[in-house]
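Enquirer: Whatever this is, show me its structure:
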Amino acid sequence: MLRRSQRGQSMLEFGIVIPFFLVFIMGIAYFGAAISDYIALNNIARSCAREASLGGPSTYRQLENKYSAQDLTAGLYEWGPNEPGKPERIKVKEKLPEKTGDHGNVVVKLHSEIDMSQENAATIFKRLLIRWAGASPEVLDLNVTYTMYSEYDLTPKKKS
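Expert: Residues are numbered from 1 along each chain as shown. Predicted structure coming up:
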């Protein structure tokens with residue numbers, strides 16, 4: 001049987017430990033949301049590169065618009081159409097081979113930043129990293145590059 005002073009000690013220990021436990025649990029939840037957005041961006045890049053490898057350069061702008069309209073799973077990161085004055089969120093381009101007669105590659109580059117318009121634990125954490133740890137403002141940005149062999153002939157056509 002616990003004495004009266006020991007019950008008070010247990011409540012005090014619980015009161016000290018519970019905030020750290022809750023912060024730990026919330027950290028796991030936000031980390032899972034960030035990983036979810038990263039996986040969604042990888043899927044967008046892979047799908048876009050696949051379609052671009054089949055359609056050729058004439059479809060690149062359409063694909064950029066189509067895939068920038070998709071939503072991210074958790075919504076911690078900004079995603080949507082490219083905005084003027086900001087880094088491009090999605091860019092599709094071709095990389096021609098060094099030798100001629102080859103198809104080349106399609107390169108899809110995605111860039112996404114934490115959505116600072118919302119006030120949540122991720123934005124607070126980013127501000128803390130920048131202010132107290134001296135991290136760069138791009139510390140938690142996601143950059144995905146996906147390269148795929150083009151089935152469309154990208155080599156320049158010779159004029160006869």
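
Enquirer: bridging residues for Lys95?
Expert: Counting by DSSP bridges, Lys95 forms beta bridges with Asn105.

Enquirer: Over to Ile114?
Expert: Assigned bridge partners for Ile114, using DSSP bridges, are Tyr77.

Enquirer: On the pLDDT front, check it for me.
Expert: Looking at Ile114, its pLDDT reads 89.

Enquirer: Tell me, how many residues neighbour it?
Expert: 21 (other CB atoms under 10 Å). Every C-beta, even on glycine, is put in place using the N, C-alpha and C of the backbone.

Enquirer: By residue count, tell me the biggest helix in this protein.
Expert: Scanning the chain for the helix with the most residues, using DSSP state H, yields helix 4-55.

Enquirer: quick one: it to chain centroid distance?
Expert: 15 Å (CA atoms, centre = their mean, to the nearest Å).

Enquirer: same question for that helix, mean pLDDT?
Expert: 90.

Enquirer: Show me what secondary structure element comes after that helix.
Expert: Using DSSP states H and E, the helix or strand that directly follows helix 4-55 along the chain is helix 60-68.

Enquirer: Rounded mean pLDDT for that next one, please.
Expert: Here the average pLDDT along helix 60-68 is 91.

Enquirer: What residues sit buried inside that helix?
Expert: By 16 or more other CB atoms under 10 Å, the buried positions in helix 60-68 come out as 60, 63-64, 67-68.

Enquirer: between those, which is nearest Ser47?
Expert: Tyr67 (7.0 Å; CB to CB).

Enquirer: returning to what we had before: between the longest helix of the chain and helix 60-68, how big is the angle?
Expert: 160 degrees (axes from the mean of the first three to the mean of the last three CA atoms, to 10 degrees).
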